[in-house]
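Participant: how would this look folded up:
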Amino acid sequence: MIVGRIISPSIFLLVSDRSGKMSALGRTRRSTSSYFPSPVSSSSAIAALRTTEKGAEIKPSGKRKLNDKKSSSSAKKKKKAAKIKAERTKSFEPKWWGNVINDGSEYPPVHTLILGTHPSIASLSKNEMYGHPLNAFWYLAGDAIGFRRSAAVSSTTGKPYVYYHEHLRYNNDHILEYSQQLKRVVAKGFAMWDIVAECEREGSLDQDIQEEVANPIREFCEGTLNNIKESSSVKRIVIANGTTGAKFFVKHFTEWFVDGKLCAASDDMSQRAFKTVMNKQRRAIGETAANENSDVIEVVCLPGVSPAAAKFTYLEKRAAWEAGCFGPGLKDFETWQSSTKQPKQQATSCKTPEKQQIKTPKREPSPALKTPASSPKEPAFRILSSSIAKLAQENEWIDLNVPPHELRPSATLTNGQCFNWMVVDTDESSDAINAPRQSAWGTHDAKEWIGPLCDRVLSIKETPTTTMFRVLHGPTEGTKEYLQQYFRLETPLLPLYEEWSKADARMKKIAAAIPGVRILRQAPLECMFSFICSSNNNIPRITKMLSSFRETYGSFMMEIPIQSSADDDDSISIFSFPTLDSLGNASEEDLRAMGLGYRAKYIVGTRDLLQTSGGEEFLLNLRSNDDCQAVQDELTKFSGIGRKVADCVALFSLDADDAIPVDIHVQHIASRDYDPTVLGQAKSLTPTIYKRVGDLFRSRFPRRAGWAHSLLFVAELPSFRSVLPLDMVKEMDEWKKHEQEQKAKQKKKKNG
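Facilitator: Below you'll find the predicted structure:
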């Protein structure tokens, strides 16, 4: 089953195709001391670390009481002084069969060393490697070797971990305790350790590691560490936490590469991760010498197993790990077993259940490893109208009785002001299944959409003369009235179009080309949290982020049949948006594990302040405030909400019809069409310029300026270019070219 992604990007979001974050790592001399650092066992140290994370969770940046003014500089200094210093933690000793089993039986020499970066708080507190319940490592190892880590059900919510639950190969009968899982893995010749022996770190993220000392990994692989000769046969080192872990490894073991004793694996991910250090190796010893070295250890960079590494799906991680780690490792084990004529290992060692025997993945010669691309696509699919027609057949299509000039869903649901609609394709469509997730964003040419609204799942259909709907899940009674409020049909649109057209010749052309663009009245809680998540983000990450948010804290509603890229019958799950109560137990660590990144603390901070301020009722009361500036001031008191996000929430959910969300696109419209001096000498969108841009729209369109501004913005979207007059498109392109030339001149002047 594929889990549904029902997200689209923000209307006022500068969308990019790729995004990334890189932490700068300073130079630190590698430690060569030969010892096994013991893990942190002090409960006080663990408590101190948790206190640090809890403090960051409860007091996120930007949070303050609703009626307070900005924090004074003295208050900030006190907070900074009171900040708890991160404890220095130590990693575990290396795990291999010699110190895990050591029962006198014969086991293979170590062929694969798997390296994490440094144990997380969860791992240290449980005294288990990869101990976080959402860490993928033990699920991956179990699928490859023949066991199951756990039931994959959240102990907090009682809901399955959707990321894993439907994809694990073994049922609950094969669940093993941690000690038995560890024995199964090391009995096959795998060893596990960490790159960083000890460090200072607040929380569990690799990027926050400071003042680190590396473990003596080279000595372990050369068999000189405590005279462990069985580890001198290591063929491959696997970096378990992706490119971030690879950076730490290169930082401390560059010399090992330069000596010609290590080489990057041939897959794309490893080649990119170790490109710089491999170039150093070639300059130092030459290409020929590097290729002729017979005892070189291959270093493989694989997708991270940490719950924070949400870039890849579980199935993508499993494919990469079986190709780059468990596949070749199990092949080495079988070779050793055959050469020594060892009997099949007993159940206490590493027996795979006979009925669920796993074939060892074979490594293909080119490419040697199959790792996901840098920006892996989600499984492609289409939702077909013929499939939707079979759902809830007892519910017929109902006419909203609204003419095209008053509402066009194709121009209202597709411009990014909402985040909960997916496009429905007709069966006659000849388009290939090539889009990662069929959100409503940019689907101006479509005629049907499906999505959850409150406690319902609805299908919306646009016809040449009206808009219709059908209830697929939830109560049918009152749905028409609910949609009339959602689309704000109490506000006649045609008189507004006529009024705006008289005020602006450009608007007159746009109004004639794009009828029926309305501002929605969304649920304020959903709108608020969604726009917090969407800021400074791109389409794939927004999709994964909000989808995980719904799946984890929302309620399951229904399954929707889809046509996947493999032409198999499949389905996606639709979840409601979380309530404030269902988010009550969400921690910053949990949200980061879902892929929300730095936004996690904003979600927690906003939730906490909202709970003490009256909950969603507080937001609903803002609808009665006619002063859009006052509404913005109230919303910006919440964590992670700046002026633009506040105006988005105000306009799209709180009836603040004169709110103008301003970003670089809106600023360009104002500068091009109304006042070329609006930016002045400033190089960024200052509060003064932000208000000045908004006032340009409010002065030109005195009635519902936010609606008018949104129509102008829709005309700038690529999906609507085909309906605009040719002279307008030409004008937009020429202005864009002029802007690019101006930027190039400024850059040249600055560098010259």
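Participant: in its sheet, what does the top strand by length along the chain sit against?
Facilitator: When the chain is parsed with DSSP state E, its longest strand is strand 556-564. Paired strands of strand 556-564, with direction, are strand 381-382 (antiparallel), strand 569-575 (antiparallel) (DSSP bridges).
Participant: in the last one, what's buried?
Facilitator: Of all the residues in strand 569-575, those buried under the rule 16 or more other Cβ atoms under 10 Å are 570-575. From N, CA and C alone the C-beta is placed, and that goes for glycine too.
Participant: from these, which two are the most distant?
Facilitator: D570 and F575 (17.0 Å; Cβ to Cβ).
Participant: reformat the strands paired with strand 556-564 as TSV; add distance to F638 and mean pLDDT.
Facilitator: As requested, these are exported to TSV (distance: least, Cβ to Cβ, whole Å; pLDDT from 0 to 100):
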stretch	distance to F638	mean pLDDT
strand 381-382	36	80
strand 569-575	24	81
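Participant: next, the buried residues of the host helix or strand of H668.
Facilitator: Per DSSP states H and E, H668 falls inside helix 664-673. For helix 664-673, burial by neighbour count (16+ other Cβ under 10 Å) applies to 665-673.
Participant: closest one of those residues to P160?
Facilitator: H665 (40.5 Å).
Participant: distance from the chain centre to stretch 465-474, please.
Facilitator: From the chain centre to the centre of stretch 465-474 is a distance of 32 Å (Cα atoms, centre = their mean, to the nearest Å).
Participant: using CSV, write down the CA coordinates of it.
Facilitator: Only the C-alpha atoms of stretch 465-474 are listed here, as CSV (Å, rounded to 0.1, in the frame of the first residue of the first chain):
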residue,chain,number,x,y,z
THR,A,465,-21.6,25.7,-16.4
THR,A,466,-21.3,24.9,-12.7
THR,A,467,-19.3,23.1,-9.9
MET,A,468,-20.5,19.8,-8.4
PHE,A,469,-19.4,17.7,-5.4
ARG,A,470,-19.8,14.2,-4.1
VAL,A,471,-19.2,12.8,-0.6
LEU,A,472,-16.9,9.8,-0.6
HIS,A,473,-16.5,9.6,3.2
GLY,A,474,-18.3,11.1,6.1
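Participant: touching it from outside, list them.
Facilitator: Residues outside stretch 465-474 that contact it (Cβ atoms under 8 Å, 6 or more residues apart in numbering) are 388, 391-392, 395-404, 407-409, 450, 454-461, 479-480, 483, 557-558, 574.
Participant: and L596, what does it touch?
Facilitator: With Cβ under 8 Å, 6+ apart, L596 has these contacts: 533, 545, 548-549, 603.
Participant: going by distance to K317, which of these wins?
Facilitator: S548 (15.3 Å).
Participant: what sits closest to that closest one if chain neighbours are left out?
Facilitator: Using Cβ to Cβ, 6 or more residues apart in numbering and skipping the chain neighbours, the partner closest in space to S548 is M594 (4.2 Å).
Participant: now that neighbour. Its backbone dihedrals?
Facilitator: Torsion angles at M594 (phi, psi; degrees, to the nearest 10) stand at phi -80, psi -10.
Participant: that one and D673: what is the separation?
Facilitator: Using Cβ to Cβ, to the nearest Å, we find M594 at a distance of 41 Å from D673.
Participant: could you do P303 as well?
Facilitator: Counting by Cβ to Cβ, the gap from P303 to D673 is 46 Å.
Participant: strands of the stretch 201-350 of the chain, start to end?
Facilitator: Here the stretch 201-350 of the chain has its strands, by DSSP state E, counting those that start in this stretch, at 210-214, 236-239, 262-264, 297-301.
Participant: what about the last one, average pLDDT?
Facilitator: With pLDDT averaged residue by residue, strand 297-301 scores 96.
Participant: measure the closest residue to A284 other than its chain neighbours to D267 for me?
Facilitator: Nearest non-adjacent residue to A284, counting by Cβ to Cβ, 6+ apart: V258, 4.8 Å away. Distance of V258 to D267, computed by Cβ to Cβ: 22 Å.
Participant: one more: S385?
Facilitator: From S385 to D267 the distance is 41 Å (Cβ to Cβ).
Participant: more crowded one of those two?
Facilitator: More crowded of S385 and D267, by other Cβ atoms under 10 Å: D267, with 22 against 17.
Participant: pretty sure the more buried one contacts V299?
Facilitator: No: judged on Cβ atoms under 8 Å, D267 makes no contact with V299 at a distance of 11.1 Å.
Participant: low pLDDT regions in this protein?
Facilitator: 1-85, 287-294, 341-380, 428-438, 538-540, 543, 565-569, 679-683, 752 (pLDDT under 70).
Participant: swap the cut-off to 50 and go again
Facilitator: For the chain, the stretches flagged by pLDDT under 50 are 1-84, 345-378, 430, 432-437, 567.
Participant: show me the longest helix that occurs in it.
Facilitator: As assigned by DSSP state H, the longest helix anywhere in the chain is helix 726-751.
Participant: same question for it: list its buried residues.
Facilitator: Of the residues in helix 726-751, those buried (16+ other Cβ under 10 Å) are M732.
Participant: can you tell me the SS state at the residue lying closest to N215 once chain neighbours are set aside?
Facilitator: Sequence neighbours aside, A197 is the residue nearest to N215 in space, at 4.3 Å (criterion: Cβ to Cβ, 6+ apart). For A197, the assignment made with DSSP: H, G, I helix; E, B strand; the rest coil gives strand.
Participant: wait, A197 sits on T89?
Facilitator: No: if you go by Cβ under 8 Å, A197 and T89 don't touch, sitting 9.9 Å apart.
Participant: ok, the nearest residue to I574 once chain neighbours are set aside - how many residues close by?
Facilitator: Leaving aside its sequence neighbours, I574 sits nearest to M557 (Cβ to Cβ, 6+ apart; 4.6 Å). M557: 19 surrounding residues under other Cβ under 10 Å.
Participant: distance of M557 relative to D608?
Facilitator: For M557, the distance to D608 - Cβ to Cβ - is 27 Å.
Participant: same thing with A284?
Facilitator: With Cβ to Cβ as the criterion, A284 and D608 are 54 Å apart.
Participant: the more surrounded of those two?
Facilitator: D608 (19 against 14).
Participant: name the helix or strand for that one, please.
Facilitator: Going by DSSP H and E, D608 is part of helix 599-612.
Participant: got the buried residues for that helix?
Facilitator: 599-610.
Participant: off-centre distance for that helix?
Facilitator: With Cα atoms, centre = their mean, you get 19 Å for helix 599-612.
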